[in-house]
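S.K.: generate a structure from the sequence data that follows.
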Amino acid sequence: MENISSVQNQKVKNWKKLATKKQRTKEGSYLLDGWHLVQEALNYDAPIKAIMVTQEQFDMHSEELQKVSEIFIVTFEVMQSITDTVTPQGIAAEVGIPAVYTEVPNELAGTWLLMDEVQDPGNMGTMIRTADAAGFTGVVAGNKTADIFSPKVVRAMQGSQFHIQVKQGSTLDWIDMLHAEGIPVYGTQLNKEAVNYLDVEKSNSFALIMGNEGNGVQPAVLERTSQNLYIPIAGKAESLNVAVSAGILMFALKK
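M.R.: A predicted model of the protein is given here:
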């Protein structure tokens, strides 16, 4: 273990920079903030590079932290600098981004959520967490989506990235690969030609595409789907939040 008390320490500066995508790409890692997320990483044997913890939190969790070789005891001020929160919980971790993040599974099967240009980190993290809760096989962050490992997405996921497969890739490429395996792909669309999701048979083998908060799924993507679905709205609301819509559809469509 090493003690760090200065916010000017180079390690502290590097951890703080993990809030940026540039640094995450450079280091191949991202930051977890808070005991719940650190505990999830420990429970699921995530590639933890370092634990940063105050003495108080270390005394509380020393037994669980025994499996981690790189532990740094830091002051409250250092923790505040690393996590950029007013009242940090006193424990954080640097975790490696899995190499398989950009790889397609050898056997493409099950239920998948594809996110097409979803921009809001809160929506994105909530959708991944909901996919986990619905028992989905995995999620795919398409081009121009928010970065899955950004601090806001990580907080919203609440550890679900350790429970299901999390991938990044071209939405169109994934559609082609899913079609090749005989897996139906459902788009989402506010259009008279779309199908009421209630009329679709439940299944344990399909992919669902959710689109950008303002523009929906790209037209080029909708042209390549097996079928496009819509959620009928009984009230006067113009539309539903994309994460809410995703939740409704995932639970309704999965057997």
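
S.K.: what about residue 39, which SS state?
M.R.: Secondary structure, DSSP: H, G, I helix; E, B strand; the rest coil: residue 39 is helix.

S.K.: what pLDDT does it get?
M.R.: According to the prediction, residue 39 has pLDDT 97.

S.K.: check contacts around it.
M.R.: residue 64 (C-beta atoms under 8 Å, 6 or more residues apart in numbering). C-beta: built from backbone N, CA, C; applies to glycine.

S.K.: residues near residue 30, how many?
M.R.: By other C-beta atoms under 10 Å, 23 other residues sit near residue 30.

S.K.: quickly list what it is bridged to.
M.R.: residue 95 (DSSP bridges).

S.K.: tell me where the stretch 51-200 of the chain has helices.
M.R.: Taking DSSP state H, counting those that start in this stretch as the test, the helices found in the stretch 51-200 of the chain are 55-61, 76-83, 121-133, 151-157, 171-180.

S.K.: please work out which of those helices is packed deepest.
M.R.: Of all the helices of the stretch 51-200 of the chain, helix 121-133 has the most neighbours on average by mean count of other C-beta atoms under 10 Å, namely a mean of 22.

S.K.: can you list the low-confidence ranges for the stretch 51-200 of the chain?
M.R.: Applying pLDDT under 70 to the stretch 51-200 of the chain picks out no residues at all.

S.K.: how far away is the nearest residue to residue 1 once chain neighbours are set aside from residue 57?
M.R.: Nearest non-adjacent residue to residue 1, counting by C-beta to C-beta, 6 or more residues apart in numbering: residue 71, 4.8 Å away. Going from residue 71 to residue 57 by C-beta to C-beta, to the nearest Å gives 11 Å.

S.K.: residues in a beta bridge with the residue nearest to residue 1, which ones?
M.R.: According to DSSP bridges, beta-bridge pairing links residue 71 with residue 51.

S.K.: now distance to residue 13 too, for the helices of the stretch 51-200 of the chain, in CSV please.
M.R.: Below are these laid out as CSV (distance: least, C-beta to C-beta, whole Å):
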stretch, distance to residue 13
helix 55-61, 22
helix 76-83, 9
helix 121-133, 24
helix 151-157, 16
helix 171-180, 36
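
S.K.: wait, which of those helices is closest to residue 36?
M.R.: helix 151-157 (10.2 Å; C-beta to C-beta).

S.K.: between the two ends of stretch 140-159, how far is it?
M.R.: With C-alpha to C-alpha, to the nearest Å applied, stretch 140-159 spans 16 Å between its terminal residues.

S.K.: just stretch 27-36 next, same as before
M.R.: 23 Å.

S.K.: buried stuff in stretch 228-235?
M.R.: Going by neighbour count (16 or more other C-beta atoms under 10 Å), the buried part of stretch 228-235 is 228, 229, 230, 231.

S.K.: likewise for stretch 14-25?
M.R.: Under 16+ other C-beta under 10 Å, the buried positions of stretch 14-25 are 14, 15, 16, 18, 19, 23, 24.
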